[in-house]
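# Here is my input, please return the structure:
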Amino acid sequence: MNRILVINRILIMNRILTINRTLTINRIFKVIYRSNISVNSVTSNSKKGGCTSSRIGGCVHYSKLGEAGRSTAETRNELSKLDNLSKLDNLSKLDNLSKLDNLSKLDNLSKLDNLSKLDSAGSIAKNVGVLYNLVKNEVFVYDDRVQRALEELKTNKNEVGDYETLLKVVEIFYRTGDPESMINTLSYFSKDVPYMPDHILVGLTRCFSKAHRTSSLTRALQSQLYLNTCTRSGGEVGRNSGDVGVENVLHCVDVIKDTSILDRVLKLVDFSQCSEYHKLYPPLKLYHTLLTRGGGTIEGFMGRAMRQFESLLNGGTTAGDAICSGDARTFSGGNFSGGSETLSGYADKHMVNCYRMLIKIKNYEPLDYGSISKIISSGYNYSYNYNYNYNYNYNYNYNYNYSTVDLVLLLRDVCSCSYPVDAGVLASICRSVFDNIAQLSKDDLVLVFRFLNKYQPRLTDAQAELLTVQARLHMSAYTARDVLYIVNYYSRIPAGGGSPDLMEKLYNHIAYATNSGVGIGIGTNTGIGVHDGSLSVPQDQDPKSVPRDEDPNIRVYALSKLVIYFGSAPSGSAVTRTAVTGTVNSSMANNSMANNSMANNSMANNSMANKLKRYTRTIAYNHISLNDRTVAYCLYTFYKVKHDPVKLIRQLMPSLDRRLDNSVDLVQALLFFTRNRYTSFYPVLISRVERKLANNEFNCRQLVIVAVCLNNYKKIFTSQLFAVINARLEEMSISQVCTVFNAYAKSGLRSESMISALNQRVLADLGSISSKEAVNLLLPVKKGYIGNQNNQKVVEHIKTLDLDPSDMFDVFGEVPANGNLTDDQVVKCLLCLSDKQRGRETDKFARELYSRVVKIVPSLSENAVRSILRSIQFYGYSKPKVKRVLTNRLVKRDRLNETVKRTGVCGTKRTGVCGTSSTSRGERDNTSRDERNNTVTQRNNLLTFFRHISLGPPHLPLQGK
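Purely as a prediction, here's the structure:
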């Protein structure tokens, strides 16, 4: 109670002293004003008497030349007035001394009452100053001493003595990553917010806007800052540019709902005052905020801003301002003849922020900042001339390099651009990425993959290897969305450019994370081993690090991407349904080299088959929680890898009736069901396609896919389909038009209007047709859709392109000049013989084909052999050896089937030689595995014993091995 009374007494006396001080000062000013009037009159009178005087520093000085003309009375009168002034001055001094004495007494009273608080505040202020000087750097040491000082600061936050210390404390907590302590500290001083100076409010608002953008304390700081800004500008922001700072408006912009306020403030910006980068950044940031809120552009604003920015880059700043630190130097020069030095260092963060604003503003307003980009991407050049008895020239070349923080922000802005970024800027970003790649975190590295996936810059082998190594380091921390970005990048790389080992690790990581909720029950219920696709934790994988709380749709979608990647790889593209069921192609058993190749392909196929098994089980377990988009993409994945999981599709069939309403999902499902016809669902799918066509809901790309899938459907439907496509031919690219032309030729329809429209469209863009598009025009040329007198130019243009020799032989009858044909081209040319007329050149080319096909017969399938025999028969010319070899290939296959059937080899069935009944599921699974092993052994024995007579008797080694 006594302490409260003392404080009240001190406050009352302070107010009384303030009032007395004001009255005394006003009285003194009045006396001085009157004395000045009298002195001025004296001076004017003295001028009349020939005396001149002047006032310097508030005192009267007379020149020596006028002293002789002065009278004694005038001199006494002036001296008396000066004496009175000096007395008044002495009185005022005494009055001030007495007041100061009283104030010192009051201060002593307050010090006696708050002595302990001042002492503790002094120690806190000292710690705050030391900590602030430490953490204001970009990199600082965080040891136990800093941690103890921070804990002490959290405990004694109520002893902060002034606003400057409060701002430093908040910034310390912000830079050390402790947002909770920021709120606790400022909450203690929340009632002092209306009395804080503007620079304190700006600093606090800057920190809280980044750490707690939506908190009540942030809104209170922004509201008070906006109120102070309005008060100083006369009640409305934007009226007086001298009183309103753009930075104040920028930090309280969240509480400003009217965009016209921002417009008025920006129109009053004077860029000539922005002599540094950190002064140029706030107007650009505020202008970007205006554009993002739907405000209109300001005419001439960005032109003036870019001119100022370019002037700063060209010489408005020194080399030390442009580059923060140098980390690499190379020197070359002679003795006193000159030299050059190349410095490589981090660019100024404010310069990078200004450049980021230009990149972001261009999304809303067309800009041409090519010159600025060129300066930033090429670096800074500075020449120094020194003349002292010698002419010494020195040249500095500064290469900009982005710090890690600036690089991440720049990558984020570039990835969100809606326009193509300049190639020079992309090159500088790539250079900085691989210079700082060891310092990037997991999220930053995923952002790099997003950048590479969008712009697809060409990387060197060393850069690609470094990227792969860095991606492996964060393997245990990847989420399913991160895996999506990484797989998307490596899927776009040409064959052999990716990292199979990295993709395998990503697959194991995401597969275990996806199936972690299933448990070991999947492996036991389906009867498969670890090598057969069961759930197992990878050896380098920590089970606790696998994310299990992620959306199953994202995980299944990422797993689908990986399956497509492995299916498109050379080892996975050969996977067929036979490989999945575990059958072995025995047609290659007659050749030892073919046996080795078959073994290698079998291992690759088994690996891909295991992935498909695991993928199918994952979808079956999670199909209830999957959305329409994920289910449609799973069907598309099965289409890409040429796999038909019948049981899974039957399980999904009831839910497919109410799914696939989106056009993209419908097209993806159409690709799968066109290849794998399901009679119960296919009519439902076609009816939905018809409804989408009637409502014109497909875009051009989707229409092309529908035409490719359904060109052989009912004629009424295909006529309506191509009528819709005919109306939108002008919207399609030339590649899409060529694909539609190929599909229309396959349909067998011959509408003159459609054919004429397709020919005109092809003829209009004839110069842009490459070999890839021309392949789709070969079938229309062959069937007579192209080739009349008006479109002869199209045929001539196609003949000049570099096409496959087998295609040229099929369509135009041109015999390949050289015989360097691949095995696939040989088979294709043999199949084309059925449509050719016999002639000298054709017979000669047929004999070459016959000599080649004899060597590749063991690698051909049964259907291919039958087709070749049929084509040779239609052609009418053959050689006895060719027919004998091809026929023996079929006879040998038939004999092998009879032998297998006669000996009771049951393949992959559970009943047969090794089939036994069992009571437990685990024993039945082990028996099934033994059956498969015994089946493979018996088949190998059969293929070794029943062999062709040309290989010698069975009791002797193979001849020609």
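# need the contact list for Leu225.
Applying CB atoms under 8 Å, 6 or more residues apart in numbering, one finds that Leu225 lies in contact with Asp198, Leu201, Val202, Thr205, Asn248, His251, Cys252. Quick note: C-beta positions are derived from backbone N, CA and C, even for glycine.
# Report the buried members of the residues you listed.
Buried by 16 or more other CB atoms under 10 Å: Leu201, Val202, Thr205, Asn248, His251, Cys252, out of these.
# Among those, which lie within helices?
Within the buried ones among the contacts of Leu225, residues falling in helices by DSSP state H are Leu201, Val202, Thr205, Asn248, His251.
# Could you measure from the fourth one over to Gly203?
Just to be clear, that refers to Asn248. Separation of Asn248 from Gly203 (CB to CB, to the nearest Å): 11 Å.
# what do you get for Ser770?
60 Å.
# swap in Pro645?
As judged by CB to CB, Pro645 and Gly203 stand 62 Å apart.
# JSON lines please, covering the ones in helices among the buried ones among the contacts of Leu225 and showing pLDDT and distance to Pro283.
Below are these laid out as JSON lines (pLDDT from 0 to 100; distance: CB to CB, whole Å):
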{"residue": "Leu201", "pLDDT": "86", "distance to Pro283": "20"}
{"residue": "Val202", "pLDDT": "86", "distance to Pro283": "15"}
{"residue": "Thr205", "pLDDT": "86", "distance to Pro283": "18"}
{"residue": "Asn248", "pLDDT": "82", "distance to Pro283": "13"}
{"residue": "His251", "pLDDT": "81", "distance to Pro283": "13"}
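# Just the residues contacting stretch 668-687, thanks.
Residues contacting stretch 668-687 (CB under 8 Å, 6+ apart): 632-633, 635-636, 638-639, 642, 644, 649, 653, 656-657, 660, 666, 689, 705-706, 709-710, 713, 717.
# Write the ChimeraX selection for whichever of those are buried.
In ChimeraX, a selection of the buried entries from the contacts of stretch 668-687 looks like this (16+ other CB under 10 Å):
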select :632,633,635,636,638,639,649,656,660,666,689,705,706,709,710,713
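# So which of the contacts of stretch 668-687 are in strands?
Applying DSSP state E to the contacts of stretch 668-687, no entry is found in strands.
# Among the contacts of stretch 668-687, name the ones in helices.
Going by DSSP H, the helices hold 632-633, 635-636, 638-639, 649, 653, 656, 666, 689, 705-706, 709, 717 from these.
# Of the residues you listed, which is the nearest to Asn863?
Proximity of those to Asn863 (CB to CB) peaks at Tyr639, which lies at 21.5 Å.
# For the closest one, give me its contacts.
Counting by CB under 8 Å, 6+ apart, Tyr639 touches Gln668, Leu671, Phe672, Arg675.
# sec struct for the third one, please.
It stands for Phe672. Phe672 falls in the helix class when you classify it by DSSP: H, G, I helix; E, B strand; the rest coil.
# Can you get me a residue count around it?
Per other CB atoms under 10 Å, the neighbour tally for Phe672 reads 22.
# mind checking pLDDT for it?
Per-residue pLDDT puts Phe672 at 94.
# Then the last one?
Confidence per residue is given as pLDDT, and for Arg675 that number is 90.
# neighbours of it, just the number please.
Close neighbours of Arg675, defined as other CB under 10 Å, add up to 12.
# Let me see the domain layout of this structure.
Using automatic domain parsing, the domain ranges for the chain come out as 2-64+71-113, 116-188, 402-473, 698-803, 815-894, 904-961.
# Could you tell me the least trusted of those domains?
For the domains of the chain, mean pLDDT drops lowest on domain 2-64+71-113, to a mean of 46.
# contacting residues around the closest residue to Ser770 other than its chain neighbours?
Closest residue to Ser770 apart from its sequence neighbours, by CB to CB, 6 or more residues apart in numbering: Leu801 at 7.2 Å. By CB under 8 Å, 6+ apart, Leu801 lies in contact with Ile769, Ser770, Ser771, Ala774.
# what's the farthest-apart pair in the residues you listed?
With distances taken as CB to CB, the most widely separated pair in the contacts of Leu801 is Ile769 and Ser771, at 8.6 Å.
# Helices of the stretch 501-650 of the chain, residue ranges please.
All helices of the stretch 501-650 of the chain, identified by DSSP state H, counting those that start in this stretch, fall at 521-526, 552-568, 577-581, 592-622, 628-640, 646-656.
# Verify the contact between Tyr565 and Val487 for me.
Yes - Tyr565 lies in contact with Val487 (CB atoms under 8 Å); the separation is 5.8 Å.
# so what's in contact with the two at the same time?
Met503.
# circling back: return the member of the buried ones among the contacts of Leu225 nearest to Phe451.
Of all the buried ones among the contacts of Leu225, Phe451 sits closest to His251, with 30.3 Å by CB to CB.
# OK, contacts around the nearest residue to the closest one once chain neighbours are set aside?
Leaving aside its chain neighbours, His251 sits nearest to Thr205 (4.3 Å; criterion: CB to CB, 6+ apart). Contacts for Thr205 (CB under 8 Å, 6+ apart) come out as Thr218, Leu221, Gln222, Leu225, His251, Cys252.
# Same check on Leu506?
Neighbouring residues of Leu506 by CB under 8 Å, 6+ apart: Met475, Tyr478, Val483, Ile486, Val487, Leu562.
# How about the fifth one: what's its closest non-neighbour residue?
Once its chain neighbours are removed from consideration, Val487 has its nearest residue in Lys561; the separation is 4.5 Å (CB to CB, 6+ apart).
# shouldn't the one you found be in contact with Tyr489?
No - look at Lys561 against Tyr489 with CB under 8 Å: they stay out of range, at 10.8 Å.
# With neighbour numbers in mind, choose between those two.
Each of Lys561 and Tyr489 has its neighbours counted (other CB under 10 Å); Lys561 has more, 23 against 20.
# Show the pLDDT at the more buried one.
Listed pLDDT for Lys561 reads 91.
# Give the burial count for Lys855, as a bare number.
A count of nearby residues for Lys855, using other CB under 10 Å, gives 11.
# what secondary structure does it sit in?
coil.
# So what does it have for phi and psi?
Lys855 adopts backbone torsions of phi -80, psi -20, taken as degrees, to the nearest 10.
# Please report the distance of it from Arg870.
21 Å.
# for Lys285, same thing?
In terms of CB to CB, Lys285 sits 74 Å off from Arg870.
# Same check on Glu276?
Remark: distance between Glu276 and Arg870 (CB to CB) = 83 Å.
# Have a look at those two and say which one is more surrounded.
Neighbours were tallied for Glu276 and for Arg870 using other CB under 10 Å; the higher tally belongs to Glu276 (15 against 12).
# Could you check the pLDDT of that one?
pLDDT, Glu276: 89.
# Also Ala569?
Reported pLDDT for Ala569: 67.
# Surely Leu758 and Asn791 touch.
No - with contact defined as CB under 8 Å, Leu758 does not count as touching Asn791 (10.0 Å).
# Neighbour count: the two, which is higher?
Leu758 (26 against 20).
# which residues touch that one?
Leu729, Val737, Val740, Phe741, Tyr744, Pro780, Tyr785.
# redo that, cut-off 10 Å
By CB atoms under 10 Å, 6 or more residues apart in numbering, the contact set of Leu758 is 722, 725-726, 729, 737-738, 740-741, 744-745, 751, 777, 780, 785-786, 791.
# Of the residues you listed, keep whichever come out buried.
722, 725-726, 729, 737-738, 740-741, 744-745, 777, 780, 785-786, 791.
# so how far is Phe301 from Phe271?
Computed as CB to CB, the Phe271 to Phe301 distance reads 9 Å.
# list the contacts for Phe698?
Residues in contact with Phe698, defined by CB under 10 Å, 6+ apart, are 663-664, 666-667, 689, 692, 704-706, 721, 724-725, 728.
# repeat for Leu626
Asp551, Pro552, Asn553, Val556, Tyr557, Ile619, Ala632, Tyr633, Cys634, Leu652, Ser655, Arg659.
# Among those, which one lies nearest to Cys430?
Nearest to Cys430 out of the contacts of Leu626 is Tyr557 (CB to CB; 28.5 Å).
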